[in-house]
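**Q** Only the shape, not the letters, is given here:
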């Protein structure tokens, strides 16, 4: 995968994840313009959307932006903005781990739990997507990839750049991505 392809994937994913929140903020400001007395009803929508937008922006900056020191890991804040509840108590140490968490979060249909165990990040939940192409995406195969597969391709790119190999694991009700040295 080329650097340009990677940048396109990052842009596509960030745009996808921020567009609904930006739309909600825009709609909230329109409601206020039409009816300034609707602050009570609109205020909570604006606050929730702005908080989620900032959480996602901070997560994306930490994952794909210039590294900055002594910053609290924003993964849990990102996961809290998703439409399904995802439990996460660990700490991502780098962009690769964050891309893997994004990949696994996309596989949880009704929410669940993501956790680290040694060199593997696991997802478990009531319902997991059946994604037969996920292993190919983690190997860096971007053939006919959609926006929902961008995190797996981003993880593959970051792993390759860091001299790592990703292995897709499936164990009954769990999906895992193991990080190994090449």
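**A** Cool, got the structure. Owing to the predicted nature of the structure, the values given are computational and were not obtained by experimental measurement.
**Q** Just to check, residue 28 is in contact with residue 42?
**A** Yes. The criterion here is Cβ atoms under 8 Å, and residue 28 meets it with residue 42 at 5.0 Å. Bear in mind the C-beta positions are built from the backbone N, C-alpha and C, glycine included.
**Q** so what does the helix or strand where residue 23 lies touch, helix or strand wise?
**A** Using DSSP states H and E, residue 23 sits in helix 3-34. Counting contacts by 3 or more Cβ pairs under 8 Å, 6 or more residues apart in numbering; DSSP states H and E, helix 3-34 is packed against helix 39-64, helix 150-161.
**Q** and residue 121, which of these is closest to it?
**A** Smallest distance to residue 121 across the helices and strands packed on helix 3-34 (Cβ to Cβ): 9.8 Å, for helix 150-161.
**Q** So which elements touch that closest one?
**A** helix 3-34, helix 95-105, helix 134-138, strand 164-171.
**Q** Give me the contact list for that helix.
**A** By Cβ atoms under 8 Å, 6 or more residues apart in numbering, the surrounding residues in contact with helix 150-161 are 1, 5-6, 9-10, 12-13, 16, 95-96, 99-100, 102-103, 106, 134, 137-140, 142, 145, 165-166, 177, 179.
**Q** what's the weakest-modelled helix or strand in this structure?
**A** helix 134-138 (a mean of 82; mean pLDDT, DSSP states H and E).
**Q** pLDDT weak spots in this protein?
**A** Counting by pLDDT under 70, the chain has low-confidence residues at 68-70.
**Q** Assess the claim that residue 134 and residue 106 are in contact.
**A** No. Taking Cβ under 8 Å as the definition, residue 134 is not a contact partner of residue 106, at 9.3 Å.
**Q** which ones are touching residue 76?
**A** 88, 89.
**Q** Please state the offset of the strand or helix carrying it from the chain centre?
**A** Residue 76 belongs to helix 75-80 when assigned by DSSP H and E. In terms of Cα atoms, centre = their mean, to the nearest Å, the centre of helix 75-80 is found 9 Å from the chain centre.
**Q** Give me the buried positions along that helix.
**A** 75, 76, 77, 78, 79 (16 or more other Cβ atoms under 10 Å).
**Q** Good, we can wrap up now.
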